[in-house]
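Trainee: below are the sequence and a predicted model for it; my questions follow.
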Amino acid sequence: MQAAAITADWKDPRLAGYASGEALQVLVKGLRSASRQGLVIKGTLVTHPMVISQHPAGQPGQVVIRDCSDDSHWLTYVAATGKLQNAVPGGDRLVAALVTRAGGRWTVSRLVVHAEGTC
């Protein structure tokens, strides 16, 4: 997502390498919206993911991950001018993800990003 956001490329094939199902739709929708508005996102998204649960235990096919992501240095810019869209710096957000294994690979299949200040 971070690499695709630099150009708001919602068709970036790397997205499907890490996300599937509902999560992939969330990422594509967000990048498509940014692209249509002439926006890009640059900087660094700081993550600290923690596994909350695994199912089934021992040989999981699903893992729930929780994170308090810091997007204060991952900012939205106007693509045409390179200027910040606004002066809102972002902050910490609770993120929950369901990661599933299918076809021998793991992808984020559900992704919920909560409002700023939720963690």
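Mentor: Everything's here; your move.
Trainee: isn't residue 32 right next to residue 10, touching?
Mentor: Yes: with contact defined as Cβ atoms under 8 Å, residue 32 reaches residue 10; the gap is 4.1 Å. Yep, even glycine has a C-beta here, placed from its N, CA and C like the rest.
Trainee: neighbour count: those two, which is higher?
Mentor: The residue with more neighbours, out of residue 32 and residue 10, is residue 10; 18 against 14, by other Cβ atoms under 10 Å.
Trainee: quick one: contacts for the more buried one?
Mentor: Applying Cβ atoms under 8 Å, 6 or more residues apart in numbering to residue 10 gives the contacts 4, 27, 28, 29, 30, 31, 32, 35.
Trainee: if we go to 7 Å?
Mentor: By Cβ atoms under 7 Å, 6 or more residues apart in numbering, residue 10 lies in contact with 28, 31, 32, 35.
Trainee: just give the nearest non-adjacent residue to it, would you?
Mentor: Once flanking residues are discounted, residue 10 sits nearest to residue 31: 3.6 Å by Cβ to Cβ, 6 or more residues apart in numbering.
Trainee: what about the host helix or strand of that neighbour, average pLDDT?
Mentor: Per DSSP states H and E, residue 31 falls inside helix 21-36. Helix 21-36 shows a mean pLDDT of 97.
Trainee: can you list contacts of it?
Mentor: So helix 21-36 is contacted by 1, 4-5, 8-10, 15-16, 19, 40-41, 108-111 (Cβ under 7 Å, 6+ apart).
Trainee: from those residues, which land in strands?
Mentor: Judged by DSSP state E, strands contain the following of the contacts of helix 21-36: 40, 41, 108, 109, 110, 111.
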